[in-house]
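Enquirer: here you go, sequence then predicted model.
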There are 2 protein chains.
Amino acid sequence: MKHIQLPFKNPEQSDPLVRQPSPNDPLPSWRDGATKQAIIAFVESVTDSTSKDYVPVSERIATLDNDGTLWSEKPLYFQVLFAFDEVKRRASDHPDWKDRHGFKELLEGGIDAVKENDHEGIMAIVEATHTGISTDQFTANVRAWLATARHPGTHRPYTEMVFQPMLELLNYLRANDFQTYIVSGGEVTFMRAWSEDVYGIGPEQVIGTTFINRYHDNNGEPEIVRTVIMAHHNDGPGKPVGIESIIGRRPIMAIGNGDGDLEMLQWTAAGEGPRFMGVIHHTDAKREWAYDRKALIGKLDETLDEAIANNWTVVDMQRDWARIYPENSDK
Amino acid sequence: MKHIQLPFKNPEQSDPLVRQPSPNDPLPSWRDGATKQAIIAFVESVTDSTSKDYVPVSERIATLDNDGTLWSEKPLYFQVLFAFDEVKRRASDHPDWKDRHGFKELLEGGIDAVKENDHEGIMAIVEATHTGISTDQFTANVRAWLATARHPGTHRPYTEMVFQPMLELLNYLRANDFQTYIVSGGEVTFMRAWSEDVYGIGPEQVIGTTFINRYHDNNGEPEIVRTVIMAHHNDGPGKPVGIESIIGRRPIMAIGNGDGDLEMLQWTAAGEGPRFMGVIHHTDAKREWAYDRKALIGKLDETLDEAIANNWTVVDMQRDWARIYPENSDK
């Protein structure tokens, strides 16, 4: 799994590409203001053993959505763009694909020919490219793709479309003995293939949608094979269920960016003691994308109302983030 | 969850009841001999950064079975004894139980009236006592039971029927930056209710059999409700599947005691690099129980053959363990 070098690695895991946080400012890419103050005040209060809000280390659980929260999600979820590229790469081994709904449109017309609301076609493509192989093989496929694939709009490697302020937040939380979990609607093995290198989040702290796996002996070379049967859809009410299933503790901090994160935020908010609920609001059409209530992907409507009504922290990307991605190209 | 005091807590979590390991001997309840030497040699080799067998901290994953490996499992799995006690406690609220198979035998004749191979009756009792309530309520039920229940043979609290040598091993592994996971056929929330206090293993490192959970809003007081539908049976080939699902890394050390652990041990053995596979052999009828190839519960037959054929470490409880349980009563 480790033999393919990814284009971008988290500075904690590799040489720094970006400015390092200092003791004076653990979040240098966050602009001074109420949002940054709210984050730091929360972390300082739960780690201060003299505070009434002190939280023991074992209970410092933070759960963060991935698509749109830790990296971008336009024009389509990057996992879907991976699936599309895999169809093209593997099409010659699957002559039937050229006549199959979804595959046919993609192979003849490219990404733009697949409608983003064609759930049936997209799901068939995801299943065909994500299942029926071992987890080791699938992981190798994802890493090979990441090593060379480029985003159709920015032409960056996908692993360089992670949000620099969120990398700093993850590092800051871990420096304060938080466990940082990804809780995403994305498929878990897809994320695990790169989450440790890019976010510093190991596979045991990635919670996502899962397919049922089967153990297969294979003449003394056992392998785990991915079936096409979905085991858990980790979106909406599936997020608190996934959290309970994997962690078994309620988070004290949760951050998302869409209506699929609402129940995770509500589940976190309903716990006792200090809580931090955050919502990333994509407001920066120039440096990233601007969308919310009417978006097909990353729709933020009911969750935005709930955030405002309950005084959750809304991160305005344009206002609060001094930079979006690692490196300087977006400045 | 923390308000009920359990009868026994791991010395790392509470005042010591037992002798503490020293730097000179991290495993004082293990008798000197080949077994103890094999454990220490393995741990020292994978943590020695100058060794060819060195393993980075993030990959130091140990997976241990629970029933029969970390605590006793006779006359029946303790989780089943909990279910039986719950039937008796709650019978007055369930008048239909007195005519229902399994329940009827238990309520009229006690534990001895339920045949240990009556899977249908036992499973119905487990389902009735383990599902249809929230995880918080179920956890409270388990902890209330542990606080007062006593084993029918030893009259000890169940949490004092954990194996002292294995508590020392868990602490020794964690002192060497291993992550120690339970990988058990038992139900996960039952074990999580006490694993942190007793073993020092938090809920996020307990892998077990699961029922499907549902998120339920309950008028702004959201809860996770346990349905009667089994999601994953974590036994036999289910163990490597559970490991892949929750951890996403292959263990470098695995210990079990029965044929239900075979695939976990094989999956561990088939990885690259240094490996430790251990099998607990119950050989001590005087201090605990003696059973192996013909046992209905804790059958150790094919796994024992594989252990011998592959030079895995077989722990002979009578020979290798200076004591079985915490405190002095078994000496």
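Expert: Structure's in. What do you need? Numbers count the residues shown, from 1 in each chain, chains lettered A, B, ... in the order given.

Enquirer: ok, A:I246 - contacts?
Expert: Counting by C-beta atoms under 8 Å, 6 or more residues apart in numbering or on different chains, A:I246 touches A:181, A:207, B:204, B:246. Glycine gets a C-beta too; all of them are placed from N, C-alpha and C.

Enquirer: what packs against the host helix or strand of the first one?
Expert: Mapping A:Y181 onto the secondary structure by DSSP states H and E places it in strand A:179-187. For strand A:179-187, the packing partners by 3 or more C-beta pairs under 8 Å, 6 or more residues apart in numbering or on different chains; DSSP states H and E come out as strand A:61-64, helix A:164-175, helix A:188-199, strand A:206-216, helix A:238-246.

Enquirer: mean pLDDT added to those, as JSON lines?
Expert: Output for the helices and strands packed on strand A:179-187, formatted as JSON lines (pLDDT from 0 to 100):
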{"stretch": "strand A:61-64", "mean pLDDT": "98"}
{"stretch": "helix A:164-175", "mean pLDDT": "98"}
{"stretch": "helix A:188-199", "mean pLDDT": "98"}
{"stretch": "strand A:206-216", "mean pLDDT": "97"}
{"stretch": "helix A:238-246", "mean pLDDT": "98"}
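
Enquirer: counting neighbours, which of the contacts of A:I246 comes out on top?
Expert: The most crowded member of these, judged by other C-beta atoms under 10 Å in any protein chain shown, is A:I207 (26 neighbours).

Enquirer: could I get the contacting residues of that residue?
Expert: Counting by C-beta under 8 Å, 6+ apart, A:I207 makes contact with A:63, A:181-184, A:188, A:234, A:242-243, A:245-247.

Enquirer: identify the bridge partners of it.
Expert: Beta-bridge pairing for A:I207 (DSSP bridges): A:V183.

Enquirer: state the distance from it to A:T63.
Expert: Counting by C-beta to C-beta, to the nearest Å, the gap from A:I207 to A:T63 is 8 Å.

Enquirer: common neighbours of those two, please.
Expert: Counting by C-beta under 8 Å, 6+ apart, the contacts common to A:I207 and A:T63 are A:181-183, A:243, A:247.

Enquirer: which one of those is nearest chain B?
Expert: Comparing the shared contacts of A:I207 and A:T63 against chain B with C-beta to the nearest C-beta places A:I247 closest, at 4.8 Å.

Enquirer: burial count for the closest one?
Expert: With other C-beta under 10 Å as criterion, A:I247 counts 19.

Enquirer: residues contacting A:E288?
Expert: A:E288 touches A:72, A:282, A:317, A:324, A:330, counting by C-beta under 8 Å, 6+ apart.

Enquirer: do the same with A:L76
Expert: Applying C-beta under 8 Å, 6+ apart, we find A:L76 in contact with A:111, A:116, A:297.

Enquirer: could you find the closest non-adjacent residue to the first one?
Expert: What sits nearest to A:I111 in space, not counting adjacent residues and going by C-beta to C-beta, 6 or more residues apart in numbering or on different chains, is A:F84, at 5.9 Å.

Enquirer: where does that neighbour sit, in terms of helix or strand?
Expert: Assigned by DSSP H and E, A:F84 belongs to helix A:78-90.

Enquirer: show me what that helix is packed up against.
Expert: For helix A:78-90, the elements it packs on are helix A:103-109, helix A:119-130, helix A:135-148, judged by 3+ C-beta pairs under 8 Å, 6+ apart.

Enquirer: and that helix, which residues are buried?
Expert: Neighbour-count burial for helix A:78-90, counted by 16 or more other C-beta atoms under 10 Å in any protein chain shown, picks out A:78-87.

Enquirer: and if you look at stretch A:52-59?
Expert: Neighbour counts using 16+ other C-beta under 10 Å place A:55, A:59 of stretch A:52-59 among the buried residues.

Enquirer: how about A:G236, secondary structure?
Expert: Under DSSP: H, G, I helix; E, B strand; the rest coil, A:G236 falls in the coil class.

Enquirer: right, and it touches A:E263 too?
Expert: Yes. When contacts are counted by C-beta atoms under 8 Å, A:G236 is listed as touching A:E263 (5.7 Å).

Enquirer: ok, those two, which is more surrounded?
Expert: With neighbours defined as other C-beta under 10 Å, A:G236 and A:E263 compare such that A:E263 has more, 22 against 17.

Enquirer: thinking the more buried one is in contact with B:I224, fair?
Expert: No. With contact defined as C-beta under 8 Å, A:E263 does not count as touching B:I224 (10.7 Å).

Enquirer: what do the two both touch?
Expert: The contact lists of A:E263 and B:I224 share A:240, B:215, where a contact means C-beta under 8 Å, 6+ apart.

Enquirer: if we can go back for a sec, using TSV, lay out the helices and strands packed on strand A:179-187 together with distance to B:W145.
Expert: Output for those, formatted as TSV (distance: least, C-beta to C-beta, whole Å):
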stretch	distance to B:W145
strand A:61-64	27
helix A:164-175	36
helix A:188-199	34
strand A:206-216	30
helix A:238-246	21
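
Enquirer: distance check, A:Q5 against B:K98.
Expert: Distance from A:Q5 to B:K98, by C-beta to C-beta: 67 Å.

Enquirer: among the contacts of A:E288, which ones are buried?
Expert: By neighbour count, with 16+ other C-beta under 10 Å, those hold A:72, A:282, A:317, A:324, A:330 as buried.

Enquirer: mind checking which of these land in strands?
Expert: In strands, judged by DSSP state E, none of those are found.

Enquirer: is it possible to export those to CSV including distance to chain B?
Expert: Output for the buried ones among the contacts of A:E288, formatted as CSV (distance: C-beta to the nearest C-beta, whole Å):
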residue, distance to chain B
A:S72, 24
A:H282, 26
A:M317, 29
A:I324, 29
A:D330, 31
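
Enquirer: got CSV for the residues you listed, with distance to A:S195 and pLDDT too?
Expert: Converted to CSV, the buried ones among the contacts of A:E288 look like this (distance: C-beta to C-beta, whole Å; pLDDT from 0 to 100):
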residue, distance to A:S195, pLDDT
A:S72, 16, 98
A:H282, 21, 98
A:M317, 22, 98
A:I324, 20, 97
A:D330, 22, 45
